[in-house]
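A.B. asks: missing the sequence, but the structure's below:
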């Protein structure tokens with residue numbers, strides 16, 4: 001499965017992970033040219049295929065996290081199914097799994113078992129809470145981790161109630177951290193000829209992702225002050241805006257623009273720390289002012305004095321945004337299940353395009369027959385394995 005000019009061409013990855021974090025890690029390896037075999041349970045497949053609204057055997061998330069992979073649907077709970085994956089594990093460069101701690105051992109696919117037959121393997125295991133500790137065997141999801149790791153405590157609504165960020169921030173960031181670690185391990189293997197054992201968790205990744213906020217909270221006694229004032233979201237006549245005028249010069253320009261020259265000499269607003277101390281009063285004064293004009297009007301006025309600002313856009317807004325279009329940040333791709341869908345361009349990777357194998361997300365078992373044939377199974381053997389429920393073969 002070669003792709004000319006891609007950095008991981010020739011690298012074989014066995015992806016047993018499900019959901020988002022592990023599959024997202026493997027997807028980046030695949031989009032960089034690795035041959036990624038996604039091992040999925042027969043029948044239902046990876047649970048990303050049921051994550052949100054589904055069409056056929058795909059959802060938005062399954063399409064995103066499984067691009068450029070080959071799908072092998074196999075029942076690991078059968079002896080023959082486990083043997084197939086064990087054979088594949090002998091020859092892979094990278095092995096990725098996110099089973100709950102200890103559960104993969106029953107298939108002889110834990111690190112020690114894989115390493116025995118593949119001593120230089122790069123083995124990536126992703127768990128919820130980590131490999132040890134009182135919660136090591138507890139299930140975890142992105143929403144659980146947003147609460148557990150403090151992310152919700154620093155994301156509060158107007159009423160002060162902690163809120164979940166309405167996207168899988170921890171899952172996706174964990175996938176990126178794991179991809180970075182696997183890529184570094186590949187370099188180490190190329191330079192030093194040794195494999196690696198990489199164990200991470202949603203918990204560790206969430207804390208790494210929030211490292212700045214975590215340190216700031218510690219240094220300020222658990223109640224980190226705002227980065228500056230005025231900084232925040234303001235309601236306008238027709239929407240919302242994010243405005244950041246925390247620097248002294250920016251605040252003076254804003255005060256002049258609003259006809260509030262007296263603020264410039266007001267000791268409450270004389271410098272950045274004073275404005276933070278009196279931030280609530282300052283924001284109370286500003287909010288009704290911003291409601292007097294539309295977002296576009298404020299964009300023009302604030303651009304004229306070089307203030308940091310942005311309209312609060314929806315994704316629909318962004319699809320038609322001139323800047324997004326200018327840099328091709330979103331490409332439109334025809335998916336054989338979901339139809340025309342937007343895909344983001346990713347740093348260092350070939351932009352998504354209709355018909356490109358690196359953009360295609362496989363159906364459950366789409367490559368089962370192909371992979372088994374490569375392993376030396378004959379057509380009759382594959383038919384028998386399919387009939388007996390050991391594997392699934394996709395039929396368009």
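C.D. replies: Done, it's in. Because the structure is predicted, anything quoted here is derived from the model rather than measured.

A.B. asks: hang on, isn't residue 139 packed against residue 100?
C.D. replies: Yes. With contact defined as Cβ atoms under 8 Å, residue 139 counts as touching residue 100 (6.7 Å). No exception for glycine: its C-beta is placed from N, CA and C like everyone else's.

A.B. asks: between these two, tell me which one has more neighbours.
C.D. replies: Taking neighbours as other Cβ atoms under 10 Å, residue 139 and residue 100 compare with residue 100 leading, 14 against 10.

A.B. asks: before we move on, the earlier item: now for residue 139 and residue 100: what residues contact both?
C.D. replies: Listed contacts common to residue 139 and residue 100 are residue 128; contacts here mean Cβ atoms under 8 Å, 6 or more residues apart in numbering.

A.B. asks: distance of residue 199 from residue 126?
C.D. replies: 8 Å (Cβ to Cβ, to the nearest Å).

A.B. asks: who has more neighbours out of those two?
C.D. replies: residue 126 (25 against 17).

A.B. asks: could you pull up the residues touching residue 213?
C.D. replies: By Cβ under 8 Å, 6+ apart, the contact set of residue 213 is 150, 154, 224.

A.B. asks: give me the neighbour count for the nearest residue to residue 127 once chain neighbours are set aside.
C.D. replies: Take residue 127 and drop its neighbours on the chain: the residue closest to it by Cβ to Cβ, 6 or more residues apart in numbering is residue 201, 4.7 Å away. Using other Cβ under 10 Å, residue 201 is surrounded by 23 other residues.

A.B. asks: partner strands of the helix or strand hosting residue 95 and their direction?
C.D. replies: Following DSSP states H and E, the helix or strand that holds residue 95 is strand 94-97. Take DSSP bridges as the rule and strand 94-97 pairs in its sheet with strand 12-15 (parallel), strand 122-127 (parallel).

A.B. asks: and the residue minimising distance to the centre of the chain, what is it in contact with?
C.D. replies: Nearest to the mean C-alpha position of the chain, by Cα atoms, centre = their mean, lies residue 172 at 1.8 Å. Contacts here follow Cβ under 8 Å, 6+ apart; on that basis residue 172 touches 20, 21, 24.

A.B. asks: my guess is the second one contacts residue 178, does it?
C.D. replies: Yep, that's residue 21 we're talking about. Yes. Contact criterion Cβ under 8 Å: residue 21 and residue 178 qualify, at 6.9 Å.

A.B. asks: picking that back up, following the helix or strand hosting the residue nearest to the centre of the chain, which helix or strand comes up?
C.D. replies: Residue 172 belongs to helix 169-192 when assigned by DSSP H and E. Downstream of helix 169-192, the next assigned helix or strand under DSSP H and E is strand 196-201.

A.B. asks: distance from that next one to the middle of the chain?
C.D. replies: Centroid separation for strand 196-201 versus its chain: 18 Å, with Cα atoms, centre = their mean, to the nearest Å.

A.B. asks: contacts for the helix or strand following it next, please.
C.D. replies: Going down the chain from strand 196-201, the next helix or strand is helix 202-209, by DSSP H and E. Residues outside helix 202-209 that contact it (Cβ under 8 Å, 6+ apart): 21, 126-130, 140, 142, 145-146, 148-149, 151, 169-171, 173-174, 177-178, 214.

A.B. asks: ok, stretch 76-88 next?
C.D. replies: Stretch 76-88 is contacted by residues 14, 16, 37, 39, 41, 72, 74-75, 107-109, 113, 117, 371-372, 375, 385, 388-391 when judged by Cβ under 8 Å, 6+ apart.

A.B. asks: which one, of the strands paired with strand 94-97, ends up nearest to residue 277?
C.D. replies: Of all the strands paired with strand 94-97, strand 122-127 sits nearest to residue 277, with 43.2 Å by Cβ to Cβ.

A.B. asks: would you mind listing which of the contacts of residue 213 are buried?
C.D. replies: Those of the contacts of residue 213 that meet the buried threshold are 150, 224, by 16 or more other Cβ atoms under 10 Å.

A.B. asks: turn the contacts of residue 213 into CSV, including distance to residue 83.
C.D. replies: As requested, the contacts of residue 213 are exported to CSV (distance: Cβ to Cβ, whole Å):
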residue, distance to residue 83
150, 44
154, 48
224, 54
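
A.B. asks: ok so, going back, ok, the contacts of residue 172 vs residue 165, which is closest?
C.D. replies: residue 20 (14.2 Å).

A.B. asks: burial check on the residue lying closest to residue 51 once chain neighbours are set aside, number of neighbours?
C.D. replies: Spatial nearest neighbour of residue 51, chain neighbours left out: residue 61 (4.6 Å); criterion: Cβ to Cβ, 6+ apart. Using other Cβ under 10 Å, the number of residues around residue 61 comes to 23.

A.B. asks: thinking again about what came up before, neighbour-wise, which of the contacts of residue 172 leads?
C.D. replies: Counting neighbours by other Cβ under 10 Å, residue 21 leads those with 30 neighbours.
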